[in-house]
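**Q** this one's structure only:
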């Protein structure tokens, strides 16, 4: 796992020094909009309907709904490193949930964050919410990320 | 973490080439049945009651319930490698949740997947849902997995 | 990731041999009290209200609420190792949720566990609930944990 000082060797646009932690990077939420995940979903045939909300100072979250946010940061993942998205301990203690997800080697762009609260909640813009850790691959991958979310597409 | 090409050195029965990703393997769901987790639970004395559902083309998921699925794949974990089960980004963006769980060194068999949706959802049989990453141990473990789920027991 | 035998080299107070697994350590819940996360939350301005419950033999969990527990164990994380908190497979199969969270290099004290059940549930005191895995950093971090939870503060 990359240590504090090794994280500075990564390409992170809009990096915040306060976000470079002991052994990870705290991703912040930005964007003009955030998105509520609604509707019936059929995997793989039918995606969720996204209900757009204006993101001014605070995002408002109803309990037990999933919201999608884009990060302030843009990241260029090297071909020999993957990222694992974990929840900041502060949010875990306050009843938020996020599933564990991976940012693949070769991914470039903003990250989409999926966040759920069990209670009524607000989150201020530019708050640090996701603790991203970086894990080296045993060797550079021979399959770089080239999927449909490349560049930061939400859904 | 194992890279794309290193994953091919693992023993994965019913492997799908499409599932071998940049730095992980996408587990698919199979089986004649899937299971809804119900009833009052007492840890460690009383397990959940499992309500069986026939798994034809699609599994139907009510919001805020946990369902258990078995994977199409059978895996033989080496004695120097563990697996970490994460959620495919596509499912995270569509309001699904799964907790982070580990597949221990020495585990053999199908994997049991626990999945929750915040919205009404269907999942097609053989869909890729869990993104499994593999992390090397510092040395071969002196305690190989020999627990009660060995071989793929659901609960 | 640390193997079974390497875990014994860590400083874990109140260690239980039964908890030293193939490639991780199962954290147990203790304490005279456990805490229900309630109230409206504003990140970063307003934390949750914690409703205290006496923790005698069993903790009682209502569905879809988050509860905070303290561990029996106290851990001293080295400056070159971080911990990743995952859910024991048994709890995942019984409809519990926890988000992935990290214990940073340099953290010392009891760990706070955030746990949610989708069903009505009870957990016996000293049950093993969280599977903690340990991952080495590429080099000792130049920023040791010195945050507000140091020593085991709940929230």
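**A** Yep, it's here. Here the structure is a predicted model, which is why all the values come from computation and not from measurement. Numbering: from 1, shown residues only, chains lettered A, B, ... in the order given.
**Q** Not counting its neighbours along the chain, what's nearest residue A:70?
**A** Take residue A:70 and drop its neighbours on the chain: the residue closest to it by CB to CB, 6 or more residues apart in numbering or on different chains is residue A:31, 4.3 Å away. Heads up, the C-betas are built off the backbone N, CA and C, glycines and all.
**Q** quick one: the helix or strand hosting the one you found to chain centroid distance?
**A** In this structure, residue A:31 is located in strand A:25-38 according to DSSP states H and E. Computed by CA atoms, centre = their mean, to the nearest Å, the chain-centroid distance of strand A:25-38 equals 8 Å.
**Q** For it, which helices and strands make contact with it?
**A** Under the contact criterion of 3 or more CB pairs under 8 Å, 6 or more residues apart in numbering or on different chains; DSSP states H and E, the helices and strands touching strand A:25-38 comprise strand A:49-54, strand A:66-76, strand A:108-117, strand A:128-136.
**Q** The shortest one and chain B, are they touching?
**A** No - where contact is defined by CB under 8 Å from any CB of the partner chain, no part of strand A:49-54 touches chain B; the two come within 9.1 Å at best.
**Q** Mind putting the helices and strands packed on strand A:25-38 into CSV with mean neighbour count?
**A** As requested, those are exported to CSV (neighbours: other CB atoms under 10 Å in any protein chain shown):
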stretch, mean neighbour count
strand A:49-54, 13
strand A:66-76, 22
strand A:108-117, 22
strand A:128-136, 22
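**Q** closest one to residue C:150 among those strands?
**A** Distance to residue C:150, taken as CB to CB, is lowest for strand A:128-136 among those, at 16.4 Å.
**Q** where's that closest one relative to the chain centroid, distance-wise?
**A** Taking CA atoms, centre = their mean, one finds strand A:128-136 lying 9 Å from the centre of the chain it belongs to.
**Q** And chain B, is it touching that?
**A** Yes - for strand A:128-136 and chain B, the contact criterion (CB under 8 Å from any CB) is met by A:135-136.
**Q** Is the residue positioned nearest the centre of chain A bridged to anything, and to what?
**A** For chain A, the residue nearest the mean C-alpha position is residue A:113 (3.5 Å; CA atoms, centre = their mean). Applying DSSP bridges to residue A:113 gives these bridge partners: residue A:69.
**Q** Would you check that it makes contact with residue A:73?
**A** No - between residue A:113 and residue A:73 there is no contact under CB atoms under 8 Å: 10.8 Å.
**Q** And the residue nearest to residue A:99 when sequence neighbours are not counted, what's its pLDDT?
**A** Leaving aside its sequence neighbours, residue A:99 sits nearest to residue B:87 (CB to CB, 6+ apart; 3.9 Å). The per-residue pLDDT reported for residue B:87 equals 98.
**Q** Any regions of chain A where pLDDT drops low?
**A** For chain A, not a single residue meets the criterion pLDDT under 70.
**Q** one more time with 90, if that's ok
**A** Low-confidence segments of chain A, defined by pLDDT under 90, are located at A:144, A:146-147, A:151-152, A:154-155.
**Q** Please tell me I have it right and the residue nearest to residue A:70 contacts residue A:55.
**A** Yes - applying CB under 8 Å as the test, residue A:31 and residue A:55 come out as touching, 5.5 Å apart.
**Q** and for these two, which residues touch both?
**A** Residues touching both residue A:31 and residue A:55 comprise residue A:69, with contact defined as CB atoms under 8 Å, 6 or more residues apart in numbering or on different chains.
**Q** coming back round to it: next, work out how far apart the residue nearest to residue A:70 and residue C:41 are.
**A** Counting by CB to CB, to the nearest Å, the separation of residue A:31 from residue C:41 is 21 Å.
**Q** Comparing these two, which shows the higher neighbour count?
**A** Each of residue A:31 and residue C:41 has its neighbours counted (other CB atoms under 10 Å in any protein chain shown); residue C:41 has more, 25 against 18.
**Q** Grab the nearest non-local neighbour of the more buried one.
**A** Across the structure, with CB to CB, 6+ apart as the measure, the residue nearest residue C:41 apart from its sequence neighbours is residue A:121 (4.3 Å).
**Q** ok, back up a step: possible to save the helices and strands packed on strand A:25-38 as JSON lines with distance to residue C:127?
**A** Conversion of those to JSON lines gives the following (distance: least, CB to CB, whole Å):
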{"stretch": "strand A:49-54", "distance to residue C:127": "39"}
{"stretch": "strand A:66-76", "distance to residue C:127": "29"}
{"stretch": "strand A:108-117", "distance to residue C:127": "25"}
{"stretch": "strand A:128-136", "distance to residue C:127": "26"}
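**Q** hmm, back to that, between the strand holding residue A:31 and strand A:66-76, how many degrees?
**A** Angle between the axes of strand A:25-38 and strand A:66-76 is 140 degrees (criterion: axes from the mean of the first three to the mean of the last three CA atoms, to 10 degrees).
**Q** Buried residues of strand A:25-38, list them for me.
**A** With burial defined by 16 or more other CB atoms under 10 Å in any protein chain shown, the residues of strand A:25-38 counted as buried are A:25-31, A:34-37.
**Q** What is the most widely separated pair among those residues?
**A** Every pair in the buried residues of strand A:25-38 was compared (CB to CB); the two farthest apart turn out to be A:25 and A:36, at 26.4 Å.
**Q** For whatever helix or strand residue A:85 lives in, name the packing helices and strands.
**A** When secondary structure is defined using DSSP H and E, the element that contains residue A:85 is strand A:81-87. In terms of contact count using 3+ CB pairs under 8 Å, 6+ apart, strand A:81-87 is assigned the packing partners strand A:101-103, strand A:128-136, strand C:101-103.
**Q** quick one: which of those is nearest residue A:144?
**A** In terms of CB to CB, the element of these nearest to residue A:144 is strand A:101-103, at 12.5 Å.
**Q** who does that closest one pair up with?
**A** In the sheet containing strand A:101-103, its partner strands are strand A:81-87 (antiparallel), by DSSP bridges.
**Q** re earlier: where does the strand holding residue A:85 sit relative to the chain's centre, distance-wise?
**A** Using CA atoms, centre = their mean, the distance between the centre of strand A:81-87 and that of its chain works out at 9 Å.
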